[in-house]
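Participant: generate a structure from the sequence data that follows.
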Amino acid sequence: MKEAILHLTRADPRLGRIIRSVGDYTIESGGEPFQSLVEAIMYQQLAGSAADAIHGRFLKIYKGSFPTPARLLKTPAEKLRAVGLSGRKTEYIRDLAARVHSGSIDLAALARMGDEQVVEKLTEVKGIGRWTAEMFLIFCLGRPDVLPVGDLGLRRAMQKAYLLRSLPEPDKMEKIATPWRPYRSVATWYLWKSLDRFKTIG
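Facilitator: As a prediction, the model looks like this:
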């Protein structure tokens, strides 16, 4: 990680100042892929507290342990909706479980694929778009060079950090991030954290 920090600090002095201000890089990647994807779907478009409550009730169905795809598929859809999941998210989670259980998606094989291959494979699942796949790449697989140009938080952070008049479009973001390669995930994390700092001093 020291190599990534050194590269980013030298390649982009403005980002370097943010890195020094934020401090240590504390992202933790890893975790069980099926659980990571189910939770990503569960948390989509919800405030953290609301999603946490749904997640807690979901785990109670399985007495605190996270279900396997087979066990989840045996759970009636009505029971999943009763914990607060929308009908659509229930459908998405069951679609993911069915694909993993049948072997049409081999989650273990994702670790051996390139970033774009992972995105293409995961977006075959209902409810998983590019953003969710990119979060999986960063937080579960620990891929170092992902730039989620559709992430609103990253767009806001770039606007503030680079004094842009409006939220940057993907092409502008790609241009700004070119010097960060091959550590764009690390830079993204620091920019996300910079938003917390702006809130503190704003």
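Participant: care to break this structure down by domain?
Facilitator: Domains of the chain are assigned by automatic domain parsing as 2-28+147-201, 33-139.
Participant: Throw these into a markdown table and include mean pLDDT and mean neighbour count, thanks.
Facilitator: Any C-beta I mention is one placed from the backbone N, CA and C, and that applies to glycine too. Shown next, in a markdown table, are the domains of the chain (pLDDT from 0 to 100; neighbours: other C-beta atoms under 10 Å):
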| stretch | mean pLDDT | mean neighbour count |
| --- | --- | --- |
| domain 2-28+147-201 | 93 | 16 |
| domain 33-139 | 94 | 16 |
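Participant: and the end-to-end length of stretch 105-118?
Facilitator: 10 Å (C-alpha to C-alpha, to the nearest Å).
Participant: likewise for stretch 116-127?
Facilitator: End-to-end distance for stretch 116-127, by C-alpha to C-alpha: 18 Å.
Participant: other residues contacting that stretch?
Facilitator: Under the criterion C-beta atoms under 8 Å, 6 or more residues apart in numbering, residues 37, 41, 44, 88-89, 91-93, 95-96, 99, 105, 110, 113, 128-130, 132-134, 136-137, 141 lie in contact with stretch 116-127.
Participant: just the ones in helices from the residues you listed, please.
Facilitator: 37, 41, 88-89, 91-93, 95-96, 99, 110, 130, 132-134, 136-137 (DSSP state H).
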